[in-house]
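Colleague: need a structure here:
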Amino acid sequence: MERRSSLFLLSVLCLGIAILYIPILVLIGYSFNASPLVNVWGGFSTAWYGTLWHNRQLLEAALLSLEVAVSASSGAVVLGTLAAVALVRFARFPGRLLLTGMVNAPLVMPEIITGITQLLLFVSMMQLISWPHRGFTTIVLAHVTFCTAYVTITVQARLASADRSLEEAAMDLGAGPARAFLEITLPIIAPAIVSSWLLCFTLSLDDLVISSFVSGPGASTLPMVIYSKVKLGVSPDINALASLIVCAVGAVILAAGWLMKRAERRRRLEMQLAEQ
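Modeller: Next comes the predicted model:
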């Protein structure tokens, strides 16, 4: 009975992995298709990667999406970490309930509602103070808005489980609150910060709905360009670009996982040495 249960769980796991990753492998395979038709295999070729190199629309959209993702993720990490510290370290302060609601609202709010509200906000601000102009700035601000919620939830969980006595011991030895937090607590919650940054980067890079509402002329992100092209039929150079993005993101995730594992192993070793 136990063996049957193990085989069943293994089968479900393999099925789930296949559903997730077989389409990605097919996409990468068809990026080397010599035929311009997506559903017809015309032989192995790298011609579409050369075509992609000369497609300025796709390259500029990809560069814009990367700039937006990096900027939005970095801004969201700063704001989300500060919000997590406030929610964990301060039990009572004016506006705590409002802050909690603002943190959780983007997690359950439909993207189309978020996009409309952001658009109305930016239009009103433009009429009142002539800022911001719709484009790169508005896309980054909109992405920071919903990415901050994910950072706050992730860092808050890690910070709540951290041993605060280590920080208090550092302050007893003469370190100020800021230095104790930077040298003791920040390395402990660093894996959560890195994970939330990668999550925000992925969400920002993938966003289509919100970006479509808040973008302006000449500021089309990669999902917007791909969506407009796919409506007319999938182009093989899009497969090539998607394959490059998959490989790049996979390499970054593997590198980040290795660094996080190395830092965690070093932290455990330091704690063992301190206990001796």
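
Colleague: so Ala105 touches Ala149, yeah?
Modeller: Yes. Ala105 lies in contact with Ala149 (C-beta atoms under 8 Å); the separation is 7.4 Å. In this view, the C-beta of every residue, glycine as well, is placed from N, C-alpha and C.

Colleague: more crowded one of those two?
Modeller: Between Ala105 and Ala149, Ala149 has the larger neighbour count (other C-beta atoms under 10 Å), namely 22 against 13.

Colleague: grab the nearest non-local neighbour of the more buried one.
Modeller: Once flanking residues are discounted, Ala149 sits nearest to Pro106: 4.2 Å by C-beta to C-beta, 6 or more residues apart in numbering.

Colleague: ok, the one you found - contacts?
Modeller: With contacts defined as C-beta atoms under 8 Å, 6 or more residues apart in numbering, the neighbours of Pro106 are 114, 145-146, 148-149.

Colleague: of those residues, closest to Leu205?
Modeller: Leu205 has its nearest neighbour among those in Phe146, at 13.4 Å by C-beta to C-beta.

Colleague: now Asn33. Its backbone dihedrals?
Modeller: When read as degrees, to the nearest 10, the backbone of Asn33 gives phi -80, psi 130.

Colleague: tell me how many other residues crowd it.
Modeller: Look at Asn33: counted by other C-beta under 10 Å, it has 21 neighbours.

Colleague: next: Ala242.
Modeller: Ala242: 18 surrounding residues under other C-beta under 10 Å.

Colleague: shouldn't it be within a helix?
Modeller: Yes. Ala242 forms part of a helix when assessed by DSSP: H, G, I helix; E, B strand; the rest coil.

Colleague: about what we covered before: neighbour-wise, which one of the contacts of Pro106 leads?
Modeller: Neighbour counts for the contacts of Pro106, by other C-beta under 10 Å, peak at Thr148, which reaches 26 neighbours.

Colleague: OK, contacts around Arg96?
Modeller: Counting by C-beta under 8 Å, 6+ apart, Arg96 touches 86-87, 90.

Colleague: now, those residues that are in helices?
Modeller: Counted as lying in helices by DSSP state H, out of the contacts of Arg96, are 86-87.

Colleague: so which of the contacts of Arg96 is the most crowded?
Modeller: Most crowded among the contacts of Arg96, counting by other C-beta under 10 Å, is Leu87 at 20 neighbours.

Colleague: check what pLDDT the closest residue to that one other than its chain neighbours gets.
Modeller: The shortest distance from Leu87 to any non-neighbouring residue, by C-beta to C-beta, 6+ apart, is to Gln156 (5.7 Å). On the pLDDT scale, Gln156 is placed at 90.

Colleague: now do Ile139
Modeller: Per the predicted model, pLDDT is 95 at Ile139.

Colleague: now swap in Gly176 and tell me
Modeller: Reported pLDDT at Gly176 in the predicted model: 78.

Colleague: tell me the gap between the helix or strand where Met224 lies and the middle of its chain.
Modeller: Assigned by DSSP states H and E, Met224 falls within helix 222-230. For helix 222-230, the separation from the chain centroid amounts to 19 Å (computed by C-alpha atoms, centre = their mean, to the nearest Å).

Colleague: that helix packs against which elements?
Modeller: Under the contact criterion of 3 or more C-beta pairs under 8 Å, 6 or more residues apart in numbering; DSSP states H and E, helix 222-230 touches helix 56-89, helix 186-206, helix 209-214, helix 236-275.

Colleague: any idea which of those helices is most buried?
Modeller: Ranked by mean neighbour count, those are led by helix 209-214 with a mean of 22 (mean count of other C-beta atoms under 10 Å).

Colleague: mean confidence score for it?
Modeller: Mean per-residue pLDDT for helix 209-214: 92.

Colleague: name the residues that touch it?
Modeller: Helix 209-214 is contacted by residues 68, 111-112, 114-116, 118-119, 122, 134, 138-139, 141-143, 146, 221, 223-224 when judged by C-beta under 8 Å, 6+ apart.

Colleague: OK, contacts around Trp131?
Modeller: Contact analysis of Trp131 by C-beta under 8 Å, 6+ apart lists Met125.
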